[in-house]
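Enquirer: no letters, just coordinates:
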């Protein structure tokens, strides 16, 4: 397994990747939401400390309603 398979929540470009997948703004506010909320929901549900992009994606989709649209 490669390092790039896992989400690095400290990297803006990785948060932007997931925001782009759901058509949401790559804003500071949206990145913070993914880090402060979606990350912990996913990790707690999956009972993992490190998660893959493929595991995180459904959680971003579920939280799409809380994220701002592009301006």
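Expert: In hand now; what should we look at? This is a predicted model, so every value here is computed, not measured.
Enquirer: report the contact partners of the residue nearest the centre of the chain.
Expert: Among the residues of the chain, the one closest to the centroid is residue 34, at 4.8 Å (CA atoms, centre = their mean). Residues near residue 34 by CB atoms under 8 Å, 6 or more residues apart in numbering: 9, 15, 18, 19, 60, 63, 67. C-beta: built from backbone N, CA, C; applies to glycine.
Enquirer: which of those residues sit farthest apart?
Expert: 9 and 67 (15.5 Å; CB to CB).
Enquirer: check what pLDDT residue 2 gets.
Expert: We have a pLDDT of 76 for residue 2.
Enquirer: residues contacting it?
Expert: No contacts exist for residue 2 under CB under 8 Å, 6+ apart.
Enquirer: how close does it get to residue 34?
Expert: 22 Å (CB to CB, to the nearest Å).
Enquirer: do the same with residue 70
Expert: Taken as CB to CB, the span from residue 70 to residue 34 is 16 Å.
Enquirer: equivalent analysis for residue 19, please.
Expert: 7 Å.
Enquirer: spit out the residues that contact these two alike.
Expert: Joint contacts of residue 19 and residue 34 (CB under 8 Å, 6+ apart) are 60, 67.
Enquirer: residue 18 contacts residue 57, doesn't it?
Expert: Yes. With contact defined as CB atoms under 8 Å, residue 18 reaches residue 57; the gap is 6.8 Å.
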